[in-house]
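> Give me coordinates for this.
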Amino acid sequence: MSVCLLLLMILVDQYRFDQFHQNKDRIYRIVSGRTESSEKVINVATAPIPIAKVLKEEYPGVEEVVRIRRDFRGDGEANGKVLPISGYYTDPSFLTVFDFEWLKGNKEEALKGPDAIVLTNETARRFRGRRGDWENHSIERMGRFL
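Numbering: from 1, shown residues only. Got it, this is the predicted structure:
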């Protein structure tokens, strides 16, 4: 009985995940199978970077492609504070495919340049305090973002 309840809780959690996106029925995630030396296949939510271009150009049903890479981390300086920042590298299309609440700035122009960054409200407050006013302000990189 307890195993059934546990499985039910896992299923409910999985179906609740990301359900707020407007086009959730049209968003898919690539899962690749990786064979280990023991010939056991391990499924991972990753794919080779070039697959994005192939999907976009060769599959007419694919409207948009978003690549996400987890390794964004380093120290940033703003407003006299040096703080650690961690996050994801992604394509500008991320902001059109997914419906996250947007508090300030221009969503259409965000992530257009190689040095563009989108901050969560929590991270912005760490740098700017409760004001959170970012107009004409920037974050300087300290060291190297990996």
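
> Run a quick neighbour tally on residue 103.
Counted by other C-beta atoms under 10 Å, the residues lying close to residue 103 total 11. Glycine gets a C-beta too; all of them are placed from N, C-alpha and C.

> Might one say that it is in contact with residue 121?
Yes - the pair residue 103 / residue 121 is scored as a contact, 5.9 Å apart, by C-beta atoms under 8 Å.

> Do you have the helices of the chain handy? List them.
2-16, 51-58, 94-97, 121-128 (DSSP state H).

> can you pull the contacts of residue 26?
Going by C-beta atoms under 8 Å, 6 or more residues apart in numbering, residue 26 touches residue 63.

> likewise residue 127?
By C-beta under 8 Å, 6+ apart, the neighbours of residue 127 are 76, 78-79, 81, 83, 119, 139.

> go with 7 Å
When contacts are counted by C-beta atoms under 7 Å, 6 or more residues apart in numbering, residue 127 touches 78-79, 81, 83, 139.
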